[in-house]
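[1] With the sequence up front, the predicted model follows.
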Amino acid sequence: MEKYFRQYGIFQFGGSTELCAQELPLTSPDNQQVLIKVISTSVNPIDIKTRSGLGYVAAGKPADAFLPLGYDVLGEVVQVGDDVTDLHPGDRVIGMVGFAAHPGCYATYTYAKASELIKVNQKADASLAGLCLAGLTAWQALAEFEPDGRPVYVNAATGGVGHLVLQVAKLRGFEAIAVSRRIEHALFAALDIHAITPTDYLAQPRKGILIDLVGGEFGQRMTKNLQVGSELVTVPTVTKDQVLETARAQQVSGRGILVEADQAQLTRLYDAEQAGQIKVVVDQSFELHDIQQAHEYVEQGIHCGKVIITA
Ligand SMILES: NC(=O)c1ccc[n+]([C@@H]2O[C@H](COP(=O)([O-])OP(=O)(O)OC[C@H]3O[C@@H](n4cnc5c(N)ncnc54)[C@H](OP(=O)(O)O)[C@@H]3O)[C@@H](O)[C@H]2O)c1
């Protein structure tokens, strides 16, 4: 085994050029941990917000300390802690690791709690890293609801979470409607999902379940268009309070969510992926040493689905 591993993260908040690498000695995992050789990870908006100094993870960073980034992992187990019985060296695993205070998957190796991981097929490909944080968010956004005839409207529908919410909604028997600025995108035909523009959505009052993945004023405008009897889940945490305030004024029941690691839910997502019911759409892949370019690409806002990083 190698003696050192490389992690990418930041010492200072700022633009993509703040991303840098540090080499650390490889140590044995703690009792409940697993050491993983990373095959792939993915870029999530929280990585970019944290890098920029926004949000609660950034707020908890001591000045000048190195903060590694990245929460998604597909990798191979190389060593397990003394209390880990269900994973073994050589197993291929995926998971959302360290969310939110302890990121560290932009790396050649990472440490994870066994409880954050599930075992996957030995041939699992790099895209599966993109199922973890985004897929769990998609699952948890809909977890409180049962299909009852109301449509599920999903904004930011071409995004990492959005394209998975649409598929989870369909899988669970909801009528899923994409609200997208790019309704002509081939994604919607490929997923067989009806897509409308934000203008179409706003053209008439809507009764349904809105999964708001944009937040801010855009999320507020969409929420204001909901009729009594609708429900709202607003996912971006930074603007949660302002969007929920709009929901209250509309007499619409609303809540925010904060994604949590959940083995059972990740297993459901993985099984659906294996059965061809859910697909992680990969827009582009970058190598780990090109993490700056990957962040710059995601910040352009033109991706569809996930941006994957291979270690
Ligand atoms: N609370 C949590 O635990 C949690 C977990 C995961 C993600 N999040 C948050 O949820 C949000 C979505 O995450 P994601 O991974 O899906 O992000 P993403 O992949 O970056 O989403 C990009 C999509 O957002 C839409 N969009 C971008 N800029 C917009 C604008 N100005 N107005 C309207 N739509 C815009 C576009 O969709 P269209 O082109 O289709 O319109 C774009 O494809 C982020 O804010 C993220 O931080 C929160």
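    That came through fine. Just so it is clear, the structure is predicted and the values come from calculations on it, not from any experiment.
[2] CA only for contacts and neighbour counts going forward, please
    Noted.
[3] what about dumping the CA coordinates of the host helix or strand of residue 222 to PDB?
    Using DSSP states H and E, residue 222 maps to helix 216-224. Backbone C-alpha positions of helix 216-224 (Å, rounded to 0.1, in the frame of the first residue of the first chain) are rendered in PDB as follows:
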ATOM      1  CA  GLY A 216     -34.100  32.500  -3.300                       C
ATOM      2  CA  GLU A 217     -36.300  34.800  -5.200                       C
ATOM      3  CA  PHE A 218     -36.900  32.200  -7.900                       C
ATOM      4  CA  GLY A 219     -38.100  29.700  -5.300                       C
ATOM      5  CA  GLN A 220     -40.300  32.300  -3.800                       C
ATOM      6  CA  ARG A 221     -41.900  33.100  -7.100                       C
ATOM      7  CA  MET A 222     -42.600  29.500  -7.800                       C
ATOM      8  CA  THR A 223     -44.000  29.000  -4.200                       C
ATOM      9  CA  LYS A 224     -46.200  32.100  -4.600                       C
END
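[4] buried ones in it?
    By neighbour count with 16 or more other Cα atoms under 10 Å, helix 216-224 contains the buried residues 216, 219, 220, 222, 223, 224.
[5] can you list the residues that contact that helix?
    198, 201-202, 210, 212-213, 232, 234, 239-240, 242-243, 246-247, 250 (Cα atoms under 8 Å, 6 or more residues apart in numbering).
[6] re the thing from before, for the buried residues of helix 216-224, give me a markdown table that also has pLDDT and distance to residue 39.
    As requested, the buried residues of helix 216-224 are exported to a markdown table (pLDDT from 0 to 100; distance: Cα to Cα, whole Å):
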| residue | pLDDT | distance to residue 39 |
| --- | --- | --- |
| 216 | 98 | 35 |
| 219 | 98 | 35 |
| 220 | 98 | 39 |
| 222 | 98 | 39 |
| 223 | 98 | 40 |
| 224 | 98 | 43 |
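[7] what packs against whichever helix in the chain runs longest?
    If you go by DSSP state H, the chain has its longest helix at helix 263-274. Here helix 263-274 touches strand 117-120, helix 133-142, going by 3 or more Cα pairs under 8 Å, 6 or more residues apart in numbering; DSSP states H and E.
[8] who wins for proximity to residue 99 among the ones you listed?
    Ranking the helices and strands packed on helix 263-274 by proximity to residue 99 (Cα to Cα) places helix 133-142 first, at 8.8 Å.
[9] Check which element follows that closest one along the chain.
    Remark: after helix 133-142, the chain's next helix or strand is strand 152-155, criterion DSSP H and E.
[10] Could you find the closest non-adjacent residue to the residue positioned nearest the centre of the chain?
    Nearest to the geometric centre of the chain sits residue 134, at 2.5 Å (Cα atoms, centre = their mean). Nearest non-adjacent residue to residue 134, counting by Cα to Cα, 6 or more residues apart in numbering: residue 161, 4.7 Å away.
[11] Tell me the confidence at that neighbour?
    pLDDT for residue 161: 99.
[12] I figured it hits residue 141, correct?
    No: in this structure residue 161 lies outside contact range of residue 141 using Cα atoms under 8 Å: 9.9 Å.
[13] picking up where we left off before, now do the contacts for the residue nearest to the centre of the chain.
    Counting by Cα under 8 Å, 6+ apart, residue 134 has contacts 44, 160, 161, 164.
[14] okay, now the residue nearest to residue 2 when sequence neighbours are not counted: neighbour count?
    Nearest non-adjacent residue to residue 2, counting by Cα to Cα, 6+ apart: residue 26, 7.5 Å away. The tally of other residues near residue 26 (other Cα atoms under 10 Å) stands at 16.
[15] And residue 26, how far from the ligand?
    Relative to the ligand, residue 26 is positioned 30 Å away (Cα to the nearest ligand atom, to the nearest Å).
[16] what does residue 28 give?
    For residue 28 relative to the ligand (Cα to the nearest ligand atom), the value is 30 Å.
[17] quick one: the helices in this structure?
    45-52, 55-59, 133-142, 162-171, 186-191, 198-202, 216-224, 240-249, 263-274, 291-299.
[18] Summarise which helices and strands the last one is packed against.
    Pointing back at helix 291-299 there. If you count contacts as 3+ Cα pairs under 8 Å, 6+ apart, helix 291-299 packs onto strand 306-310.
[19] circling back to that earlier point, so how far is residue 259 from the residue nearest to residue 134?
    In this view, residue 161 and residue 259 are 11 Å apart by Cα to Cα, to the nearest Å.
[20] Now do the contacts for residue 18.
    So residue 18 contacts 9, 10, 11, 12, 51 (Cα under 8 Å, 6+ apart).
[21] Also residue 195?
    Shown in contact with residue 195 (Cα under 8 Å, 6+ apart): 177, 178, 179, 180, 183, 188.
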